[in-house]
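Participant: kindly generate the corresponding structure for this input.
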Amino acid sequence: MVRYQIVHKTEYIYEEAASLCYNETRLLPRPVTGPQFQQTVQESHVSVQPIWDDSRERTDYFGNRVLYYTIRQPHASMTMTVTSQVEITPGQTYPVTALPASPPWEETATRLRTETGPEWMDARQFALASPHAPILAEAARFARASFPKGRSVLAGAADLMTRIYTDFDFKPGVTTISTPIDEVLRTRAGVCQDFAHLMLGSLRALGLAARYVSGYLETTPPPGQEKLQGSDASHAWCSLFVPGLGWVDLDPTNNILPHDQHIVLGWGRDYGDVTPLKGVFYGEGEHALRVSVDVIRLEVRAEETA
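Facilitator: Predicted coordinates:
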């Protein structure tokens, strides 16, 4: 078992004071039960300055935790700090070179179109196009190199993940959240959300079901160096529906199948379903955004793991 504390701080600074703001955040971790790990949420706390006038939490269509809050007083800045603790219990380890058996990808795609059981009906919605992961001919051509006839669905997805990791450059600043996947295919560069969207679009172009996962990844500093405060970041990866196994996570940015270093906030069809923070404010002038994230591994006492 691994225990993490996550501190995610978001600060908006306004050129002219805002008189009112409405906000919606999906930064509260959710429980997860999957083949690779189980995630239990120990606690979550949200602090907002200035203090909100009202707030409420609900669960959205995908089961993600959503917090709404309103500030009705003039404010020159708004700072939201979300502090959470989660426990990760590792499950099955899936090395890229030693994957478990899974059905042929063509059979899986066919069953996603025809099966009517609850598990299949739930998965089917993630085989459809979405705003950030449309089904494109370019994505289908890109995917087919990983999915020759008869290949198992998980082996094909793992090969696709490795190709994205190998053939694309991680370059912050060259894309935005609005960059389409056909442009990512042309430039061969982007960040984690771009690679997740490209993988989603490629899998869906073959009729497979995949969802976008938002969360964090534990990072470690180079040997001999201390970890800098605020040096972590949000992360994104994919989850593939595999008959007989369930939802299997794949991280194309790092070419790994997550095990105990990925922390889940939520999932949906694409980034638009799990946007960390969005809202509106009433005011004039420009605004600046600052974000810092710390993912801290906590010590677990021996008696807690017995």
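
Participant: helix or strand next in line after the helix or strand where Ile13 lies, which one?
Facilitator: Here Ile13 sits within strand 2-18, counting by DSSP states H and E. Moving toward the C-terminus from strand 2-18, the next helix or strand (DSSP H and E) is strand 20-28.

Participant: still on that earlier bit, ok, and for the strand holding Ile13, which residues are buried?
Facilitator: Neighbour-count burial for strand 2-18, counted by 16 or more other C-beta atoms under 10 Å, picks out Val2, Arg3, Tyr4, Ile6, Val7, His8, Lys9, Thr10, Tyr12, Tyr14, Ala18. Any C-beta I mention is one placed from the backbone N, CA and C, and that applies to glycine too.

Participant: try stretch 171-188
Facilitator: Thr175, Thr179, Pro180, Ile181, Asp182, Val184, Leu185.

Participant: for Ala137, see how far away Asp270 is.
Facilitator: 19 Å (C-beta to C-beta, to the nearest Å).

Participant: so these two - more neighbours on which side?
Facilitator: Higher neighbour count among Asp270 and Ala137: Asp270, with 25 against 9, using other C-beta atoms under 10 Å.

Participant: show me where the stretch 101-250 of the chain has its helices.
Facilitator: Counting by DSSP state H, counting those that start in this stretch, the segments of the stretch 101-250 of the chain that form helices are 105-114, 118-124, 137-144, 153-167, 181-187, 192-205.

Participant: just the closest of the buried residues of stretch 171-188 to Gly207, please.
Facilitator: Ile181 (17.0 Å; C-beta to C-beta).

Participant: would you agree Pro131 is in contact with Asp273?
Facilitator: No. Between Pro131 and Asp273 there is no contact under C-beta atoms under 8 Å: 9.5 Å.

Participant: who has more neighbours, the two?
Facilitator: For the pair Pro131 and Asp273, the greater number of neighbours falls to Asp273 (20 against 13), based on other C-beta under 10 Å.

Participant: which residues does the residue nearest to Arg58 when sequence neighbours are not counted contact?
Facilitator: Distances taken as C-beta to C-beta, 6 or more residues apart in numbering place Val66 nearest to Arg58, at 5.5 Å, with adjacent residues excluded. Neighbour list for Val66: Glu24, Thr25, Arg26, Leu28, Glu57, Arg58, Thr59, Asp60 [criterion: C-beta atoms under 8 Å, 6 or more residues apart in numbering].

Participant: how far away is the second one from Val82?
Facilitator: What it means is Thr25. 7 Å.

Participant: now do the shared contacts for those two.
Facilitator: With C-beta under 8 Å, 6+ apart as the test, Thr25 and Val82 both reach Val46.

Participant: still on that earlier bit, ok, so of the buried residues of strand 2-18, who is nearest Gly34?
Facilitator: Nearest member of these to Gly34, counting by C-beta to C-beta, is Val2, at 15.1 Å.

Participant: tell me the pLDDT at the closest one?
Facilitator: For Val2, the pLDDT comes out at 95.

Participant: quick one: secondary structure of the closest residue to it other than its chain neighbours?
Facilitator: Spatial nearest neighbour of Val2, chain neighbours left out: Ile88 (4.5 Å); criterion: C-beta to C-beta, 6+ apart. Following DSSP: H, G, I helix; E, B strand; the rest coil, we place Ile88 in the strand state.

Participant: can you name the residues that contact Ile88?
Facilitator: Residues counted as contacts of Ile88 (C-beta under 8 Å, 6+ apart) are Met1, Val2, Arg3, Tyr4, Phe37, Gln38, Gln39, Asp260, Ile263.

Participant: how does it look with 6 Å?
Facilitator: Each residue near Ile88 by C-beta atoms under 6 Å, 6 or more residues apart in numbering is listed here: Val2, Phe37, Gln39, Asp260.

Participant: quickly name whichever of those is closest to Ser214.
Facilitator: Nearest to Ser214 among the contacts of Ile88, with distances taken as C-beta to C-beta, is Gln39, at 13.1 Å.

Participant: how much space separates that closest one from Val2?
Facilitator: From Gln39 across to Val2, the span is 10 Å (C-beta to C-beta).

Participant: do the same with Ser214
Facilitator: For Ser214, the distance to Val2 - C-beta to C-beta - is 19 Å.

Participant: buried ones among the contacts of Val66?
Facilitator: Buried members of the contacts of Val66, counted by 16+ other C-beta under 10 Å: Thr25, Arg26, Leu28.

Participant: export those residues as CSV, with columns for distance to Ser47 and pLDDT.
Facilitator: Output for those, formatted as CSV (distance: C-beta to C-beta, whole Å; pLDDT from 0 to 100):
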residue, distance to Ser47, pLDDT
Thr25, 12, 98
Arg26, 17, 98
Leu28, 13, 98
